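Q: return a 3D structure for these sequence lines:
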Amino acid sequence: MTDSFIAEARREQIVLACIDTLEEVGYHNLSLTKVAKKARISTGLISYHFHDKLDLMNHTLQFLVAKQLDFIRRNVVLSHSATKKLEAFIKAHLTYQETHYKHTIALIEIVFTARNENGVPYYRMEDEQEEDGLRTILVDILKEGQQNGEFTSSFQTEIVASFIIGAIEERMLKPNSSIPMEQYAVELVKMVMKLIG
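A: Next up, the predicted model:
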């Protein structure tokens, strides 16, 4: 094994411990000491791999976004029509929230609580961030459906994408809902298809 492979494995171990800690104690109560305890390593080892708490948060956020994007993309590419891709996107996004609960909580904690070096909350930095990969996938599906005639051309893709993502994120904020995730997905797909079909 190379040194870079070992270092990368150690960084991932720390990020995973950070996710667990965020889910348990929240962003405000998180410290490098608590993350180190969760990872069963020294705080100094975290400081070797990450400059500070903010650097660890940035890497954790990148990890969370990449994992979510990869999971949803893998489900979408298996479908061959825009309609099936849209259904796969909605179901995969909701499934990910349910099967990766800690990741979802950690993502919420970072996006809505963490601040950058200038004190700006992460959720207000949208213009400065890279393009939203999930939104891009969704908008592309909607455009594809319009171009090939599966969907009506009378809607604006950006607005419908916001509606869909908003409905999915609403579910994320209510994990203990009495409505099962599968039923929520089916109803959301039906609503969206009525809107764009």
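Q: give me the low-pLDDT residue ranges for the protein?
A: By pLDDT under 70, the low-scoring segments of the chain are 1-2, 125-131, 175-176.
Q: and residue 79, which of the three is it?
A: At residue 79 the chain is in coil, as set by DSSP: H, G, I helix; E, B strand; the rest coil.
Q: and the helices in the chain?
A: With helices called from DSSP state H, the chain shows them at 3-25, 32-39, 43-49, 53-76, 82-99, 101-113, 133-147, 157-172, 181-196.
Q: relative to residue 124, which of these is closest?
A: Closest to residue 124 of the helices of the chain is helix 101-113 (C-beta to C-beta; 10.0 Å). Every C-beta, even on glycine, is put in place using the N, C-alpha and C of the backbone.
Q: check which helices and strands the closest one is in contact with.
A: Counting contacts by 3 or more C-beta pairs under 8 Å, 6 or more residues apart in numbering; DSSP states H and E, helix 101-113 packs against helix 3-25, helix 53-76, helix 82-99.
Q: restrict that helix to CA atoms and write it as PDB.
A: Written as PDB, here are the backbone C-alpha positions of helix 101-113 (Å, rounded to 0.1, in the frame of the first residue of the first chain):
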ATOM      1  CA  TYR A 101     -30.000   8.800   7.700                       C
ATOM      2  CA  LYS A 102     -26.800   9.800   9.400                       C
ATOM      3  CA  HIS A 103     -25.400  11.300   6.100                       C
ATOM      4  CA  THR A 104     -28.700  13.200   5.700                       C
ATOM      5  CA  ILE A 105     -28.500  14.700   9.200                       C
ATOM      6  CA  ALA A 106     -24.800  15.600   8.900                       C
ATOM      7  CA  LEU A 107     -25.600  17.300   5.500                       C
ATOM      8  CA  ILE A 108     -28.400  19.400   7.100                       C
ATOM      9  CA  GLU A 109     -26.100  20.300  10.100                       C
ATOM     10  CA  ILE A 110     -23.300  21.500   7.900                       C
ATOM     11  CA  VAL A 111     -25.400  23.300   5.300                       C
ATOM     12  CA  PHE A 112     -27.700  25.100   7.800                       C
ATOM     13  CA  THR A 113     -25.300  25.600  10.700                       C
END
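Q: what's in contact with that helix?
A: For helix 101-113, the external contacting residues (C-beta atoms under 8 Å, 6 or more residues apart in numbering) are 18-20, 22-23, 26-28, 57, 60-61, 64-65, 67-68, 96-97, 121-123, 172-173, 175.
Q: so how do I select the buried members of those in PyMOL?
A: Buried residues among these (16 or more other C-beta atoms under 10 Å), as a PyMOL selection:
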select buried, resi 18+19+20+22+23+27+57+60+61+64+65+68+96+97+122+172
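Q: before we move on, back to that, what's the closest of the helices and strands packed on helix 101-113 to residue 40?
A: For residue 40, the closest of those is helix 3-25, at 8.3 Å, according to C-beta to C-beta.
Q: pull out the buried residues from the closest one.
A: Neighbour-count burial for helix 3-25 flags 10-11, 13-23 (criterion: 16+ other C-beta under 10 Å).
Q: contacts for that helix?
A: Outside helix 3-25, the residues within contact range by C-beta under 8 Å, 6+ apart are 30, 34-36, 38-39, 41, 45-46, 49-50, 56-57, 59-60, 63-64, 101-103, 105-106, 109-110.
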